[in-house]
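> I need the structure of the sequence given here:
(2 chains)
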Amino acid sequence: MARAVVTVPAQAKRGEIIEIKTLAAHAMETGFRRTQLGELIPRDIIRRFTCTYNGVEVYRVDLHPAVAANPLIAFTTTATETGTLSFQWVGDNGYSVTEIAAIRVE
Amino acid sequence: MTTRREFLVLAAASLAAPTAAKAQLDPNLAAKRKAAYEEALGKVVGGARVRAGRVKLQLPPLIDNGNSVPLSVAVESPMTAADHVKAIHVLTQRNPLPDVVSVHLGSRAGRAGISTRVRLADTQTVVAIAELSDGTFWSDSAEVVVTLSACLEEGLI
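Numbers count the residues shown, from 1 in each chain, chains lettered A, B, ... in the order given. Presented below is the predicted three-dimensional model:
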């Protein structure tokens, strides 16, 4: 089941740098592991994480198999205006999860 | 007494074993990984000069479990529209694939950096490269010792 958690401050001062933490529940299967019978387990990872602030992309990460399971991504952005932050994870096998957080800027 | 199901599993395993053994005994693995790393580095910097400094890569020096290693990168930059960090790339020298993460950001990030958790296959050097808006590249590297590797199946040297 596709699930993700984001931590965003509910309010901030204009121009303040806010910290954002995101965690997506995903096995991040590397494609290098084998079963006991020697068959390769096919790759199944999240390829891209995007954070948009009121529709403008502010942060994007390309992920590779070397990212650990349940990828944690912590980063910062500048609080510019009241609105919504949208987080999207896109991956193999049609994986796509979107989370939205509201922020009030004074 | 071996049941038919157990017999089939064993037979399949013995057929599959030679391919697995071959993968572990590739004598050129170290050279191949070095070449893959050089190629990935070339893709990131495109022949530009990479200078040491401004980037701070944080990793624990001794890692018990390579499956989940906290990694953070911070880049010194005023993060203004005129002078900011455009991208941060993290590369490894001895993982099956050299790329770890590529971060694309701009002046709105406030501070240039990322914290995440990665997999490390072996005792090796991890490199973080930052691309600035003025076209220069800066880097930092960290030596890590990994006692329990991620992807043990991959025939490490």
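> Give me every residue in chain A lying close to chain B.
The interface of chain A toward chain B, taken as Cβ under 8 Å from any Cβ of the partner chain, is made up of A:17-18, A:30, A:32-34, A:36-39, A:53, A:56, A:58-69, A:71-78, A:80. C-beta here means a position set from N, CA and C on the backbone, and glycine is covered the same way.
> Any quick ChimeraX command for the buried ones out of the residues you listed?
Buried members of those, defined by 16 or more other Cβ atoms under 10 Å in any protein chain shown, are picked up in ChimeraX with:
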select /A:18,30,32,33,34,38,53,58,59,60,61,62,63,64,65,66,67,68,69,71,72,73,74,75,76,77,78,80
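> Where do the helices of chain B begin and end?
Listed from the start of the chain, chain B has helices (DSSP state H) covering B:4-24, B:29-45.
> Least reliable of those by average pLDDT, please.
Of all the helices of chain B, the segment with the smallest mean pLDDT is helix B:4-24, scoring a mean of 59.
> what's around residue 49, how many residues?
Using chain A. 26 (other Cβ atoms under 10 Å in any protein chain shown).
> let's do chain B instead
For B:R49, the neighbour count with other Cβ under 10 Å is 7.
> ok, now which ones touch residue 76?
You didn't say which chain, so I picked chain A. Residues counted as contacts of A:T76 (Cβ atoms under 8 Å, 6 or more residues apart in numbering or on different chains) are A:17-20, B:109-111, B:113.
> Please refer instead to chain B.
B:54-56.
> hmm, 7 Å instead?
For B:E76, the set of contacting residues under the criterion of Cβ atoms under 7 Å, 6 or more residues apart in numbering or on different chains consists of B:R54.
> Got the confidence number for it?
We note a pLDDT of 91 for B:E76 in this prediction.
> for it, phi and psi?
phi -70, psi 120 (degrees, to the nearest 10).
> That one and chain A, how far apart?
In this structure, B:E76 and chain A are 14 Å apart, going by Cβ to the nearest Cβ, to the nearest Å.
> hang on, the earlier thing: strands - which of the residues of chain A next to chain B land there?
Secondary structure assignment by DSSP state E places A:17-18, A:53, A:56, A:58-63, A:72-78 of these in strands.
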